[in-house]
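Novice: model the following, please.
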Amino acid sequence: MSAAFLILDDNDVFASTLARSLSRRGFSAIVAHSGEDALKAAATTDFAYATIDLQLQQDSGLQWIAPLREKLPHARLLVLTGYASIATTVQAIKAGADNYLAKPANLDSILSALEHSANDASTDLDHTDAAAPLSVERLEWEHIQRVLVENQGNISSTARALNMHRRTLQRKLAKRPVAK
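Specialist: Prediction:
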């Protein structure tokens, strides 16, 4: 019997590609395109693993972590996102995710992240990336994300807190985060 794998992602191409790759590795993959669909699937199947996209079309994947954790207490939950930041990583781990991974991610890195908890990953990073400080652009991105979280995602409030024009903030948020 293969391990059941839940994929919560609104991107059809990514979700179907991941499901197909997982099937080739012996997993039984089920794709849910919304949080409601994921909860319905979790009610009928005991998943061993789940990936949750952070930015779904209708809402944030963060809000689905706790309900999925409640339905699947023993499952390994991994948050995948194209817009990684320290603030959302902390939120995801506090909500109950086991790990957090930035897209693009290949199948091996996804499976590796599911096998290791975020605490294991952070201790590994302490030894490898200690000599590489973050760039100024990356620090700015992290600060914007932290202030955005403090303002519950409200762009206007965040712009006021940062003493920045709202459109400037929106342009910065529309860009992908810079590399470390």
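Novice: run a quick neighbour tally on residue 109.
Specialist: Close neighbours of residue 109, defined as other CB atoms under 10 Å, add up to 12. (C-beta placed from N, C-alpha, C; glycine too.)
Novice: quick one: secondary structure of the closest residue to it other than its chain neighbours?
Specialist: Spatial nearest neighbour of residue 109, excluding adjacent residues (CB to CB, 6 or more residues apart in numbering): residue 101 at 6.5 Å. Secondary structure for residue 101, judged by DSSP: H, G, I helix; E, B strand; the rest coil, is strand.
Novice: same thing with residue 26?
Specialist: coil.
Novice: tell me the SS of the residue lying closest to it once chain neighbours are set aside?
Specialist: What sits nearest to residue 26 in space, not counting adjacent residues and going by CB to CB, 6+ apart, is residue 2, at 5.0 Å. Here residue 2 is coil, with the state taken from three-state DSSP.
Novice: got the contact list for residue 2?
Specialist: 26, 27, 28 (CB atoms under 8 Å, 6 or more residues apart in numbering).
Novice: and those, which are buried?
Specialist: 27, 28 (16 or more other CB atoms under 10 Å).
Novice: which one of the contacts of residue 2 is nearest to residue 105?
Specialist: Distance to residue 105, by CB to CB, is smallest for residue 27 among these, at 15.8 Å.
Novice: helix or strand: which one has the closest residue to the closest one other than its chain neighbours?
Specialist: Spatial nearest neighbour of residue 27, chain neighbours left out: residue 5 (4.4 Å); criterion: CB to CB, 6+ apart. Element membership for residue 5, per DSSP states H and E: strand 4-8.
Novice: dump the residue contacts of the residue lying closest to residue 50 once chain neighbours are set aside.
Specialist: Distance criterion CB to CB, 6+ apart; nearest residue to residue 50, sequence neighbours excluded, is residue 6 at 4.0 Å. Taking CB under 8 Å, 6+ apart, we find residue 6 in contact with 29-30, 32, 38, 41-42, 45, 47, 49-51, 68, 72, 75.
Novice: next one: the helix ranked longest in the chain to chain centre, how far?
Specialist: Longest helix in the chain, counting residues (DSSP state H): helix 136-150. The chain centroid and the centroid of helix 136-150 are separated by 17 Å under CA atoms, centre = their mean, to the nearest Å.
Novice: helix or strand right after that helix?
Specialist: Taking DSSP H and E, what comes next after helix 136-150 is helix 155-161.
Novice: give the buried residues for that next one.
Specialist: 158, 159.
Novice: pLDDT (mean, whole number) over that helix?
Specialist: The average pLDDT within helix 155-161 is 90.
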